[in-house]
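Peer 1: Please work out how this folds:
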Amino acid sequence: WTSISTAPEITATASGAIAAKDPIVINSSGQAVKVAESISLQAPATSGTSDRIQTSYGTHYAPGLIYVASINRFFTVYPRWTDNYAMARMGTPTGGNAISWGAEIAVSNAVGYHPAVTFDENVGVPVFAWHTQNNTHSYVRACAINTSTNAMTHGSLTKVINYQYVFNNHLVYNASAQKVFYGYTSGSDNKVKFRSMSISGSTVTLGGYYEPTNDSSDVVGMVYDPDNNCVVAFVKFNAGSYNGRIMSINLTASGTSVTGGSWQTVEQHNLHNFFTASYDEEQNRIVVAYAQTTTNGSLYGKIGQGNSSSYSWGSKTTIGSGLDVSSQRGFSCYDANAKRVVIGWTNGSNSAKAVSVGGTGYSYTLGTIGEILTHNNRFSQQNNNNIATYYPTGGGIMFGYSDTSTSSQPSTRLMTTANVTSNVNANNFVGFAKNSIGSGGSVTVNVSGATTDWTASSLTPGSYYYVKGDGTLDTSGVAGAGIALSSTKLLIKG
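Peer 2: Residues are numbered from 1 along each chain as shown. I've put the predicted structure just below:
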């Protein structure tokens with residue numbers, strides 16, 4: 001690229017504080033304002049008619065569901081009511097609750113109980129895990145995909161271990177290690193084990209297992225922490241010095257070898273069936289929710305903060321009481337639109353509710369509880385989070401459930417928890433601030449024809465970038481920003 005000797009620029013009075021490199025709009029008073037979003041939180045809500053993944057038969061519990069933004073596709077897996085085979089589909093969102101699903105495929109070769117799904121972003125394939133009848137075996141399988149037809153084809157079947165217990169298939173993609181992590185309990189010795197996978201094409205090779213305890217224990221959750229480049233696993237102990245406790249342990253990988261940090265206490269005792277955990281990307285922390293046998297009908301929460309080695313956990317907060325959480329599980333998911341984790345649960349036989357969690361540090365600040373289903377429903381019958389996934393185009397969370405009001409058909413519905421607006425549009429964006437200034441001061445703005453440094457994210461030279469509503473740059477967005485000259489330099493060109 002070529003330097004411009006006299007860069008075009010303007011000066012204006014700042015309305016609000018402005019930092020150098022901030023994208024700038026001109027307001028109706030002729031003042032310069034940095035591009036920003038305004039988030040109006042609301043009680044979680046749904047509308048319209050649920051999407052039916054399958055109408056020919058039902059499923060025993062909620063389908064596993066993930067959204068992959070890089071290819072704009074949903075993946076789902078669920079046990080077929082008639083024979084309990086693990087069935088999967090790939091779909092394209094078409095607006096609101098609606099998803100256009102491709103052909104159904106049986107990912108299991110026999111009974112496939114409690115299936116889970118994740119997506120290997122490095123290889124570009126979905127990965128499924130399940131166990132067979134009478135808990136005798138467990139398997140994993142990757143599938144090749146065709147985005148033109150939304151069809152999947154079988155990769156090789158990989159056997160994990162004999163005698164795996166129920167409720168313990170947990171798959172998480174570790175973006176830093178570029179590996180899928182798998183957590184489970186071995187029925188042969190009642191101990192938790194963790195492994196990572198190497199995938200070539202659609203062939204899975206499992207690394208050796210990491211066994212962090214000799215005590216009887218169950219995996220109840222796994223969460224990827226992108227800021228500390230680790231997976232945080234949650235384990236319920238059934239014996240030993242931690243008997244009755246929920247403990248967390250941080251997992252990292254070198255190749256296909258998994259290692260762990262130190263055990264940390266999340267909750268002292270009496271975990272009921274309900275446990276869920278999600279990473280809060282806005283506050284860089286983990287939000288958990290759980291029920292206890294000693295206080296049936298109450299739901300509690302805690303916040304965890306940590307580093308790559310371990311997490312520490314704050315005090316217990318009551319999310320709600322008088323709830324029907326004794327026999328059903330729920331879900332949690334980070335909503336990037338609301339910048340909060342949202343927790344959902346079945347509330348009796350004909351209702352489901354949800355609430356968002358805010359706050360900073362270890363504080364657990366609850367939003368308003370909202371009703372998200374008003375008919376008979378069932379969420380997951382296993383302890384994992386992958387029945388809910390953030391869907392950015394829809395501005396909320398798409399969750400899966402078994403609709404027991406319609407013969408338990410596997411279904412999905414979009415839930416929103418915030419209304420987000422921005423002060424930028426296609427016409428009022430003018431450029432990037434050259435200097436930092438407080439409100440009322442004079443700011444110099446580099447405008448069309450000038451260049452600006454950009455270090456908030458890496459740019460691809462030659463690509464055209466847009467300003468998004470939150471003030472970040474992307475290859476799509478609200479207002480044209482310019483062409484990248486290097487990974488850190490942008491030629492402003494509206």
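
Peer 1: Let me see the contact set for Ser448.
Peer 2: Shown in contact with Ser448 (Cβ atoms under 8 Å, 6 or more residues apart in numbering): 8, 431, 482, 492-494. From N, CA and C alone the C-beta is placed, and that goes for glycine too.

Peer 1: Next one: it from Ile18, what distance?
Peer 2: Ser448 is 19 Å from Ile18, where distance means Cβ to Cβ, to the nearest Å.

Peer 1: which stretches of this protein form helices?
Peer 2: With DSSP state H, there are no helices along the chain.

Peer 1: so where is it shaky, pLDDT-wise?
Peer 2: Residue ranges of the chain with pLDDT under 70: 1-7, 134-135, 162-167, 294-296, 322-328, 348-349, 376, 380-385.

Peer 1: Kindly format the C-alpha coordinates of the longest strand seen in the chain as PDB.
Peer 2: Longest among the strand segments of the chain by residue count, using DSSP state E, is strand 409-422. What follows is strand 409-422, C-alpha atoms only, in PDB (Å, rounded to 0.1, in the frame of the first residue of the first chain):
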ATOM      1  CA  GLN A 409     -41.800 -34.700  18.600                       C
ATOM      2  CA  PRO A 410     -38.200 -33.300  18.700                       C
ATOM      3  CA  SER A 411     -38.600 -29.500  18.300                       C
ATOM      4  CA  THR A 412     -36.800 -26.200  18.400                       C
ATOM      5  CA  ARG A 413     -37.700 -22.700  19.300                       C
ATOM      6  CA  LEU A 414     -36.000 -19.300  19.300                       C
ATOM      7  CA  MET A 415     -35.700 -17.400  22.600                       C
ATOM      8  CA  THR A 416     -34.800 -13.700  22.900                       C
ATOM      9  CA  THR A 417     -33.700 -11.900  26.000                       C
ATOM     10  CA  ALA A 418     -32.700  -8.400  24.800                       C
ATOM     11  CA  ASN A 419     -33.500  -5.800  22.300                       C
ATOM     12  CA  VAL A 420     -30.300  -4.300  20.800                       C
ATOM     13  CA  THR A 421     -30.100  -1.100  18.900                       C
ATOM     14  CA  SER A 422     -27.200   0.900  17.600                       C
END
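
Peer 1: elements contacting it?
Peer 2: Under the contact definition 3 or more Cβ pairs under 8 Å, 6 or more residues apart in numbering; DSSP states H and E, strand 409-422 sits against strand 37-45, strand 51-52, strand 73-79, strand 340-346, strand 352-358, strand 370-373, strand 396-403.

Peer 1: redo that, cut-off 6 Å
Peer 2: strand 37-45, strand 51-52, strand 396-403 (3 or more Cβ pairs under 6 Å, 6 or more residues apart in numbering; DSSP states H and E).

Peer 1: Relative to the whole chain's centre, how far out is the longest one?
Peer 2: Going back to what we said before, that points to strand 37-45. 18 Å (Cα atoms, centre = their mean, to the nearest Å).
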